[in-house]
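Visitor: Provide a 3D model corresponding to the input given below.
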Amino acid sequence: MLIRALFAEQTMKDLVAAGQAHGVPIAAVLTPSQILGTEHFQAVGAITDAELVPGVRTSVPTGYFVVDGRRSGFRAPAPPAGQDEPCWLAAPPVVPSPPGKLGDYPFAGLRILDLGVIVAGGELSRLFGDLGAEVIKVESADYPDGLRQAPDGAAMSQTFAWTHRNQLGLGLDLRSPEGKEIFGRLVAEADAVFANFKPGTLASLGFSYEELRAVNPRIVLAESSAFGNSGPWSTRMGYGPLVRAATGVTRLWTSDDPDSQADTARHAFYDATTIFPDHVVGRVTAIAALAALIHRDHTGGGSHVHISQAEAVVNQLDTLYVTQAARAAGIPRIRDDTSLHAVYPCAGDDEWCVISIDTDDEWRRATWIFDRQEWAEDPRFATGESRVANRRELVELVSAWTRMRTPVRAAELLQSAGLAAGPMNRPPDILEDPQLIERKLYSDMVHPLIDRPLPAETGPATFQHIPPAPQRPAPLPGQDTREICRNVLGMSTEETERLIHDRVLFGPDS
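Guide: Numbers count the residues shown, from 1 in each chain. This is a model prediction of the structure:
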């Protein structure tokens, strides 16, 4: 209530400016229709004006990737059918594959220096480690990874164990002159550096891409940040929830129940868990990093790729955002989406299922499952437009049917008629899902510091000739410092211990 009273007379723009100026993570909760016109997205070229079909121009996102300071993404709209004559494309240059054998991990031999933190950074390096890369997690004693926060008495959080498996832990002070020199030696022999600091942090440490490339012309630097490394918002602090607020997602994750919206005791937002876009950004950055490594093998030169979490969101939801931008611009011939997607209560305590009805034919099939064939001709529901217009009434009627069935049974009956439906699962339900069990999505991961096996992703994909991900436990801070100094840097025991004593390096016992 005190914060509400403090903010009541101030605009979102003023609050964001004041909060960011004082180092407080804060973002305005914008609507999707506001996003494409914001000063930041316009300034960095994340939005362009394009002719999608003849005579129809609107704002569209330009893609996920910024490579060596240039955007790589949208270049031209989809061509009309029959525009081009059939022809043979030029054969691509053949690049010899590195030596290996069937069944090897494809990234074996790659060395990654991982400066990433929390989820987006950790997931990126884990994906490479899961496919055989040697990942050295470089960590400061004074600024440990935020995922290391564990419950009282626990030596390691489960989240850190999941996110940082298959990595080596190097304790190194990058702010000390000797620490910088050691990191430079590692860069000289590495393939890539991964980071997701606030823009400017690497440069302030003396490791901008230009400085890294001076040490190793073949190095790939793959980074991500909340809003990208240029533009009016680039210096903002930001985490997943703030990115979602600033890109319209929080507005989308809002109750459409009029009763809940009328309740002034709470807001209508249902946005509390940091899942999106952090995990997605880790995978998008992995694609960019892999493309840069392939490009290096073709050309001999490294690249710098940078992913904006905010731009990843906008491109993930581009159909919705472009449609809203076109409507706001008054463009005619925009057809409304008459699909009806809703969550329905089922038998049991707080049990639910989701049903999607896209077409009139699907609605007719659904009425047979509901044993209410008369609804197919009911003027309230006979067409997509009428179903959307009478959504609340339709949901109430269908809910009478779903309440008599479990979520799984309701979904099975609808799926048998070719309709999109599924049960609402909770985390424990996922582990018992027969489809995921059949596909071996999860396997038990054992960590010596955690008293029970953890269900963990078996690997980034199901491969025919690539084995499941290795299961090297996530390291304690600085756990492998001495090993890395000896085997990678060729340092003597005496030199290593001196640097540990001087707090340039640290190990698990220092």
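
Visitor: could you use CA atoms for every contact and neighbour count after this?
Guide: OK.

Visitor: for the stretch 251-400 of the chain, which spans come out with low pLDDT?
Guide: Residue ranges of the stretch 251-400 of the chain with pLDDT under 70: 256-267, 272-274.

Visitor: let's see it at 50
Guide: Using pLDDT under 50 as the threshold, the predicted model of the stretch 251-400 of the chain has low-confidence ranges 260-262.

Visitor: my guess is residue 445 meets residue 453, correct?
Guide: Yes: applying C-alpha atoms under 8 Å, one finds residue 445 in contact with residue 453, separated by 5.4 Å.

Visitor: compare neighbour counts for those two and give me the winner.
Guide: residue 445 (19 against 12; other C-alpha atoms under 10 Å).

Visitor: got the buried residues for the one helix or strand residue 214 maps to?
Guide: Residue 214 belongs to helix 209-215 when elements are defined using DSSP states H and E. Of the residues in helix 209-215, 209, 212-213, 215 count as buried by neighbour count, 16 or more other C-alpha atoms under 10 Å.

Visitor: what of stretch 37-55?
Guide: 40-42, 44, 46-48, 50.

Visitor: re earlier: helices and strands around the helix holding residue 214, which ones?
Guide: Applying 3 or more C-alpha pairs under 8 Å, 6 or more residues apart in numbering; DSSP states H and E, one finds that helix 209-215 contacts helix 177-188.

Visitor: for the residue nearest to residue 47 when sequence neighbours are not counted, give me its contacts.
Guide: Residue nearest to residue 47 in three dimensions, not counting chain neighbours: residue 61, with 4.5 Å by C-alpha to C-alpha, 6 or more residues apart in numbering. By C-alpha atoms under 8 Å, 6 or more residues apart in numbering, residue 61 lies in contact with 36, 46-48, 74, 314-315, 318, 322.

Visitor: among the residues you listed, which are located in strands?
Guide: 47-48 (DSSP state E).

Visitor: can you put the contacts of residue 61 in JSON lines and add distance to residue 122?
Guide: Below are these laid out as JSON lines (distance: C-alpha to C-alpha, whole Å):
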{"residue": "36", "distance to residue 122": "29"}
{"residue": "46", "distance to residue 122": "26"}
{"residue": "47", "distance to residue 122": "29"}
{"residue": "48", "distance to residue 122": "32"}
{"residue": "74", "distance to residue 122": "28"}
{"residue": "314", "distance to residue 122": "22"}
{"residue": "315", "distance to residue 122": "22"}
{"residue": "318", "distance to residue 122": "26"}
{"residue": "322", "distance to residue 122": "32"}
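
Visitor: what is the nearest of the contacts of residue 61 to residue 16?
Guide: Residue 16 has its nearest neighbour among the contacts of residue 61 in residue 36, at 18.6 Å by C-alpha to C-alpha.

Visitor: where do the helices sit along the stretch 151-300 of the chain?
Guide: Taking DSSP state H, counting those that start in this stretch as the test, the helices found in the stretch 151-300 of the chain are 158-163, 177-188, 201-204, 209-215, 240-246, 249-252, 258-262, 278-299.

Visitor: so what touches the first one?
Guide: Which is helix 158-163. Residues contacting helix 158-163 (C-alpha under 8 Å, 6+ apart): 119, 122-123, 126, 147-148, 150, 447, 450, 454, 456, 473-474.

Visitor: tell me the buried residues in stretch 334-344?
Guide: 338, 340-341, 343-344.

Visitor: sorry, that was for stretch 438-452
Guide: Applying 16+ other C-alpha under 10 Å to stretch 438-452 flags 441-443, 445-447 as buried.

Visitor: filter the residues you listed down to the ones in strands?
Guide: 442-443, 445.

Visitor: of the residues you listed, which is the nearest to residue 489?
Guide: Distance to residue 489 across these (C-alpha to C-alpha) is lowest for residue 445, with 30.6 Å.

Visitor: now do the contacts for that closest one.
Guide: 453-456, 471 are the contacts of residue 445 under C-alpha under 8 Å, 6+ apart.

Visitor: just the buried members of those residues?
Guide: Counted by 16+ other C-alpha under 10 Å, the contacts of residue 445 give 454, 456, 471 as buried.

Visitor: how about TSV for those, with pLDDT added?
Guide: Shown next, in TSV, are the buried ones among the contacts of residue 445 (pLDDT from 0 to 100):
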residue	pLDDT
454	95
456	94
471	91
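
Visitor: the residues you listed in strands, which ones?
Guide: 454, 456.

Visitor: closest to residue 387 among the buried ones among the contacts of residue 445?
Guide: The closest of the buried ones among the contacts of residue 445, once distances to residue 387 are taken by C-alpha to C-alpha, is residue 456, at 41.5 Å.

Visitor: residue 18 falls within a helix, correct?
Guide: Yes: according to DSSP: H, G, I helix; E, B strand; the rest coil, residue 18 belongs to a helix.

Visitor: pull stretch 39-56 out as PDB, backbone CA atoms only.
Guide: Only the C-alpha atoms of stretch 39-56 are listed here, as PDB (Å, rounded to 0.1, in the frame of the first residue of the first chain):
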ATOM      1  CA  GLU A  39      11.900   4.500 -29.100                       C
ATOM      2  CA  HIS A  40      14.300   1.700 -28.200                       C
ATOM      3  CA  PHE A  41      13.200  -0.900 -30.800                       C
ATOM      4  CA  GLN A  42      13.100   1.800 -33.500                       C
ATOM      5  CA  ALA A  43      16.500   3.100 -32.600                       C
ATOM      6  CA  VAL A  44      18.300  -0.200 -32.800                       C
ATOM      7  CA  GLY A  45      16.700  -1.300 -36.000                       C
ATOM      8  CA  ALA A  46      14.800  -4.200 -34.400                       C
ATOM      9  CA  ILE A  47      11.700  -3.100 -36.300                       C
ATOM     10  CA  THR A  48      11.400  -2.300 -40.000                       C
ATOM     11  CA  ASP A  49       8.600  -1.200 -42.300                       C
ATOM     12  CA  ALA A  50       7.900  -4.000 -44.800                       C
ATOM     13  CA  GLU A  51       5.400  -4.700 -47.600                       C
ATOM     14  CA  LEU A  52       4.000  -8.100 -46.500                       C
ATOM     15  CA  VAL A  53       1.700  -8.400 -49.500                       C
ATOM     16  CA  PRO A  54       1.300  -6.000 -52.500                       C
ATOM     17  CA  GLY A  55       0.000  -2.700 -51.200                       C
ATOM     18  CA  VAL A  56       0.100  -3.600 -47.500                       C
END
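
Visitor: quick one: contacts for the residue lying farthest from the centre of the chain?
Guide: What lies farthest from the middle of the chain is residue 374; by C-alpha atoms, centre = their mean that is 44.6 Å. Going by C-alpha under 8 Å, 6+ apart, residue 374 touches residue 367.

Visitor: could you number the chain from 574 rather than 1 from now on?
Guide: Yes, from this point I'll number from 574; that puts the last item at residue 947.

Visitor: quick one: least confident helix or strand in the chain?
Guide: Ranked by mean pLDDT, DSSP states H and E, the weakest helix or strand in the chain is helix 831-835, scoring a mean of 51.

Visitor: run through the protein and note the low-pLDDT ranges.
Guide: Checking the chain against pLDDT under 50 turns up 833-835.

Visitor: distance check, the most centrally placed residue in it against residue 696.
Guide: Geometric centre of the chain, nearest residue: residue 853, 1.8 Å, by C-alpha atoms, centre = their mean. Noted for residue 853: a distance of 9 Å to residue 696, by C-alpha to C-alpha, to the nearest Å.

Visitor: residue 1041 now?
Guide: From residue 1041 to residue 696 the distance is 17 Å (C-alpha to C-alpha).

Visitor: neighbour-wise, which of these two wins?
Guide: Higher neighbour count among residue 1041 and residue 696: residue 696, with 25 against 18, using other C-alpha under 10 Å.

Visitor: quick check: residue 955 is in a strand.
Guide: No: going by three-state DSSP, the assignment for residue 955 is coil, not a strand.
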